[in-house]
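Asker: Next comes the sequence, and after it the predicted model I'd like to discuss.
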Amino acid sequence: MTPTAACAVPVDPPGPDRAADYGPVPADARVLPDHVLAAAGHPGPGPLFADPVWDLGPFLPRSTRQRTIVFTSVADPLTALVLREYLYSRLRRGNSALVRRGPMKLTGIFGAAHKARTVIATLQAVGARRLSEVTSVHLQAALERWQAVSAEEAALRVTAVKHLFAHSPFLTADRLLVNPWPGRSAHAVAGVVRDEENTTERIPEAIIAPLVKGAVFYVTTAGPDILAAQAEYAALTAAHRERRPHRGNGSARARIEEYVAELRATGRGVPARPARQAARGPGVPEVDGVLQAPNVALVALLTGVSKSAEVRRYLTDAATELGYQIGGIRTTLSNWPGSGRPWRAGLGPLELATEVVQMRMACWIVIAYLSGMRDAEVRELAPDCAFTENGPDGRARHKLRGRVLKGRKLAGEEAEWVVLDVVHQAVALLNAVNDDPTHLLGHKGMTSNSLVLFGSVNRRLNDFRDHLNALFSTPDGPYVPLHTAALAPDTGPPARDEPGREEGEDAEEEPVPWRLSTRQFRRTLAWHIAHQPFGVVAGARQYQHAVLALFEGYAGTSASGFAAEVATERAIAQLDYAEDLYRDWNDGHRASGGAAGRVNAEFDRIRRELGDLPGIVASPARLRTMLQHLTKTLHPGVLNDCFYQPSTALCAKRARHAGRPLPLLTTCLTCPNARRSSVHLPRLTTARAQAQRPLDAPPALTRLQRAALTTHITELDYAIAELTSTESPDA
């Protein structure tokens, strides 16, 4: 049998248990099953089967981006009916041929509809006008098209084909008559090679560090400035609406003159019209991004006068002396650390509205990155989600209460996260600017009184990065650095701006902005926790975070499953580190410590079995498999690594007398379980210098203190000498 013919098996025509017995779905049938209606608690029946648009919004979490399915966008009426019947069946029936056997969760209906439409369109493109006409040849041609995009894309489409076949007994308009790729999983058909490591991209440390620093600055410093400016602008607007004089009585000219005198005394310029309003005055010049025209509306609010041509002329004349400035609201803005200058030039009404949006994004980043919550979990938080309670040791724990949606029923399940106090500050900021009674990130729309939920988060993340760069970049480069990405090879003629490039030459790597997405934050956080000794998050010191609080929050047993992701990353990190140790040994570098002989002998056995040569690894994949058992006892450390054996561990022997583990900082240097390699040499040298410093500097130490430090230095000197000796490691 040819591979093409093996991809599908014909099935018998409809029998007594096929679609003919079920009959068509009535036009007035309710789309949603009873259990969905009961869980949602809505009295209405929801959409009906024949409705041209299925409005599912009232039954979905508000964080769900898509809310409706529009069948009128499907040109072919028969295909539209197939989609209706297919989705109707998916909501009510499982698929015993696939792993997920129960009915589809309502939030999955949009993806199912899109994939089914894509599959049908591809099959039509390869020659099968109807599903009933599909043969193994058509399936193979469609598979090749999907694989040309990616193996993962092909696996998704193959799964959709299998679903379409499984529900074919309930499709009366058209249905598949062949069983697609029987007995083979979608991954096997598509050629997907499963990777033990999460394939979601990690945000590089050089990018995540300034991004989180900027978000924390917004929450702790810029946010209060924005709230103060909001309060000032609200008071000005209310006073103007009630037509109350801004400062006593007098003519409008006198108030404007008083205001200009205030600007002159404080060294400020005339508030400029926002750059976004440049189209309203064509031909207005722009200097360093500032329109050279007065913001008459804002000055009218600030002075309590009415807008007029006279006010405009007077302000224009004053600007010839004072110049123009961005913003105009009087609220004093805090300085950006290290710059000695305010974090932005100024705030006007439009700039203030922009900053409120950016502040919401900063709050999302702080909450998501410093909790490990998913995007939907963050956006489903309630206004009263933050609370504090004492832990078993009496210390206060900052927590968030929310709901986990992934892998749960439609309404989700309650969960708690331990977080830092800055996360509670972010929640307080959101409560100050949002007015949604049910959702922390919900607020009234700018053009209506309807409530909207903060959305388009991926786009807003990248906008926030660009906004930080606009505010805080220096002549040395952007605040959030660019990322070096390789361009695709160019097989055409050299571009005009690349005269020295040869035809067909690979493009040079070009730095570009890193494309941020919500999934990257959880993945990046899990990776950083797992890949740092003792569970310390990379960058924790520069963020000024308490390591203990981080560990409790990130390694907690939240129902969101984040702890399991950290555990997976930690296992991979352990294996990466063990591989580095092997390669260091295989390259001829020395190792010392009580466990060095035992571990080196294991490395030697592995090298013999793999057929490696010094400095060369023959089979990296097999190497990782053979190193797996070492990771069960490996604990990376600063001055040495521990290959823990409880029977010989000095710390375990000492702890037995006290009845609890004890920190024994110097015992590891002489422990039979310790092993040191070249990675520890710089740290040992630094530790030796730190120990020597008190001996060389006044005030004089006591005799016992000097003896303790001298002993410690002697042990460090011995450990350093073992790694720097010129003798053969096997001597």
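Answerer: Right, received. Where do you want to start? Remember, predicted model here, so these are calculated numbers, not experimental data.

Asker: For stretch 468-478, the averaged confidence score.
Answerer: Averaging pLDDT along stretch 468-478 gives 93.

Asker: Name the residues of it that come out as buried.
Answerer: 468-469, 471-472, 478 (16 or more other CB atoms under 10 Å). Where you see a C-beta, it was placed from the backbone N, CA and C, and this is true even at glycine.

Asker: now stretch 345-359
Answerer: 345-352, 354-359.

Asker: which residues touch that stretch?
Answerer: 218-219, 222-223, 226, 229-230, 233, 271, 274, 276-277, 295, 297-298, 325-329, 331, 333, 344, 429, 433, 446, 460, 463-464, 467 (CB atoms under 8 Å, 6 or more residues apart in numbering).

Asker: Am I right that residue 388 is in a strand?
Answerer: Yes - secondary structure assignment (DSSP: H, G, I helix; E, B strand; the rest coil) places residue 388 inside a strand.

Asker: give me every residue that touches it.
Answerer: 396-399, 424.

Asker: repeat that with 7 Å
Answerer: Residue 388 sits next to 396-399 when contact means CB atoms under 7 Å, 6 or more residues apart in numbering.

Asker: Weed out the non-buried ones from those.
Answerer: 397-399.

Asker: Could you point out the member of those residues that lies closest to residue 187?
Answerer: residue 399 (38.9 Å; CB to CB).

Asker: packing partners for the strand or helix carrying the closest one?
Answerer: Assessed by DSSP states H and E, residue 399 sits inside strand 396-404. For strand 396-404, the elements it packs on are helix 375-379, strand 386-390, strand 413-419, helix 421-433, judged by 3 or more CB pairs under 7 Å, 6 or more residues apart in numbering; DSSP states H and E.

Asker: ranking these by burial, who's on top?
Answerer: Highest mean neighbour count of those: helix 375-379, a mean of 23 (counted as mean count of other CB atoms under 10 Å).

Asker: which residues sit against that helix?
Answerer: By CB under 7 Å, 6+ apart, helix 375-379 touches 61, 63, 364, 367-368, 402-405, 441, 453-454, 457, 518, 560.

Asker: Which of these fall in helices?
Answerer: Using DSSP state H, the members of the contacts of helix 375-379 that fall in helices are 364, 367-368, 457, 518.

Asker: export the residues you listed to a markdown table and tack on neighbour count and pLDDT?
Answerer: A markdown table is the format used below for the ones in helices among the contacts of helix 375-379 (neighbours: other CB atoms under 10 Å; pLDDT from 0 to 100):
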| residue | neighbour count | pLDDT |
| --- | --- | --- |
| 364 | 26 | 95 |
| 367 | 31 | 92 |
| 368 | 24 | 89 |
| 457 | 22 | 91 |
| 518 | 18 | 89 |
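
Asker: so which of those residues comes closest to residue 69?
Answerer: When these are compared against residue 69 (criterion: CB to CB), the nearest one is residue 457, at 22.6 Å.

Asker: My guess is residue 431 contacts residue 381. True?
Answerer: No - look at residue 431 against residue 381 with CB atoms under 7 Å: they stay out of range, at 10.6 Å.

Asker: any residues in contact with both of those two?
Answerer: With CB under 7 Å, 6+ apart as the test, residue 431 and residue 381 both reach residue 440.

Asker: and the contacts of stretch 345-359, which are buried?
Answerer: Buried, going by 16+ other CB under 10 Å: 218-219, 222-223, 226, 229-230, 233, 271, 274, 295, 297-298, 325-329, 331, 333, 344, 429, 433, 460, 463-464, 467, out of the contacts of stretch 345-359.

Asker: helices and strands of this protein: which one bottoms out on pLDDT?
Answerer: helix 540-543 (a mean of 32; mean pLDDT, DSSP states H and E).

Asker: and residue 562, what pLDDT?
Answerer: Reading off the model, residue 562 has pLDDT 59.

Asker: ok, now residue 307?
Answerer: pLDDT, residue 307: 79.
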